[in-house]
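*Asks:* okay, sequence plus prediction incoming.
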Amino acid sequence: MMIRTIPLVDLSTFTQGDETQRQSFVDKLGDAFHTIGFVGVVNHGIPQSLIDDFYSASNTFFEKEEAIKRKYEIEGLAGQRGYTSFGKEHAKQSKVADLKEFFQIGQEVEGDHVDKERYPDNVAVAEVPEFLELGIKLYKSFEKAGAELLRAIAIHLDLGEGYFDEKIHNGNSILRAIYYPPITQEPASAIRAEQHEDINLITLLVGASAGGLQLLNKHGEWQNIVPEQGEIVINVGDMLQRLTNNYLKSTTHRVVNPPRDEWHKPRLSIPFFLHPRSEMDLTCLDSCITEEHPCDYEPITAGGYLDERLREIGLKK
């Protein structure tokens with residue numbers, strides 16, 4: 001039997017529970033994020049059929065020949081929409097590219113809202129028409145679950161339940177389908193994804209098609225994260241760590257290569273990076289600053305911070 005390395009919470013006890021159940025969820029979530037930075041969530045409201053269909057469409061896209069995929073690699077967008085070819089992205093402290101390629105889907109602003117002008121259009125794939133359509137549905141579903149999780153975090157931080165609501169409305173979140181192709185020769189020193197922390201507020205990840213995800217615990221040990229059926233894995237990103245002056249931890253994680261006898265198996269993973277609007281102020285919250293913990297970070301907006309980090313990981317020149 002697999003030993004759980006991260007706590008498990010049930011989101012329906014927060015969205016549909018009574019006061020006691022809601023508070024219990026908030027306490028468990030807050031404790032998990034404060035101590036380990038990762039948590040598993042069940043009853044999150046994201047339909048399994050939608051996840052399965054998007055996995056299938058993603059696989060269909062990534063199995064296309066290189067020339068077809070490269071048609072959807074858009075210059076000047078820093079990989080924020082469409083396809084990013086193999087070997088482009090690396091962890092910020094690494095010079096070696098990760099063993100992956102990916103496709104990104106961003107915010108679809110409804111109606112004639114002024115926010116529409118903020119974001120580049122999503123990239124439709126002619127050869128797999130359902131890919132973008134399913135991706136946008138999954139994006140909206142993730143966004144909804146993520147908003148509920150942030151409400152619980154806001155309560156945990158005594159900010160009032162609605163603190164993040166306006167800050168994430170039409171936010172700059174990204175749904176990313178990541179494909180790690182089969183490994184065909186001994187990698188120089190690269191692994192599927194070198195150790196890193198995420199840039200955003202929180203990341204929601206549906207179980208990958210193969211193992212390999214590991215987190216670095218407080219004792220400096222790598223631990224496997226193996227989500228069970230129907231579970232999504234949530235972790236704190238650097239923006240939330242900055243805002244809370246390190247009270248909530250952005251946990252270092254990586255995707256390691258499989259054992260040699262499984263090199264022939266590709267790996268597909270679908271994270272949703274929940275970002276706020278670019279103008280959100282990430283200045284440390286007063287409530288998280290004490291004499292023992294003075295503010296660790298310079299004031300910056302979410303947009304300014306994202307820009308800085310995209311350069312560090314090689315997506316923006």
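*Replies:* Yes, it's here.
*Asks:* which residues does residue 116 contact?
*Replies:* residue 109 (Cβ atoms under 8 Å, 6 or more residues apart in numbering). C-beta here means a position set from N, CA and C on the backbone, and glycine is covered the same way.
*Asks:* tell me the secondary structure for it?
*Replies:* Secondary structure for residue 116, judged by DSSP: H, G, I helix; E, B strand; the rest coil, is helix.
*Asks:* next SSE downstream of the longest helix along the chain?
*Replies:* Secondary structure of the chain read by DSSP state H shows that its longest helix is helix 129-156. Sequence-wise, the next helix or strand downstream of helix 129-156 (DSSP states H and E) is helix 165-168.
*Asks:* helices and strands around the next helix or strand after that following helix, which ones?
*Replies:* Reading on from helix 165-168 to the C-terminus, the next helix or strand found by DSSP H and E is strand 174-180. Contacts of strand 174-180 with other secondary structure elements, assessed using 3 or more Cβ pairs under 8 Å, 6 or more residues apart in numbering; DSSP states H and E, are made with helix 48-62, strand 101-105, helix 129-156, strand 267-274.
*Asks:* go through the third one and flag the buried ones.
*Replies:* Residues of helix 129-156 classed as buried by neighbour count (16 or more other Cβ atoms under 10 Å): 131-132, 134-136, 138-139, 141-143, 145-146, 148-156.
*Asks:* dump stretch 205-217 to PDB, keeping only the CA atoms.
*Replies:* Extracted in PDB, the C-alpha atoms of stretch 205-217 (Å, rounded to 0.1, in the frame of the first residue of the first chain):
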ATOM      1  CA  LEU A 205      -2.800  19.500 -10.700                       C
ATOM      2  CA  VAL A 206      -4.800  16.500 -11.900                       C
ATOM      3  CA  GLY A 207      -3.100  13.200 -11.600                       C
ATOM      4  CA  ALA A 208      -0.400  12.600 -14.300                       C
ATOM      5  CA  SER A 209      -0.500   9.600 -16.600                       C
ATOM      6  CA  ALA A 210       2.700   8.300 -14.900                       C
ATOM      7  CA  GLY A 211       4.500   8.800 -11.600                       C
ATOM      8  CA  GLY A 212       7.600  11.000 -10.900                       C
ATOM      9  CA  LEU A 213       6.300  14.000  -9.000                       C
ATOM     10  CA  GLN A 214       8.300  14.600  -5.800                       C
ATOM     11  CA  LEU A 215       8.300  17.300  -3.100                       C
ATOM     12  CA  LEU A 216      11.200  18.400  -1.000                       C
ATOM     13  CA  ASN A 217      10.200  18.200   2.700                       C
END
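*Asks:* so how far is that stretch from its chain's centroid?
*Replies:* For stretch 205-217, the distance between its averaged C-alpha position and the chain's averaged C-alpha position is 12 Å (Cα atoms, centre = their mean, to the nearest Å).
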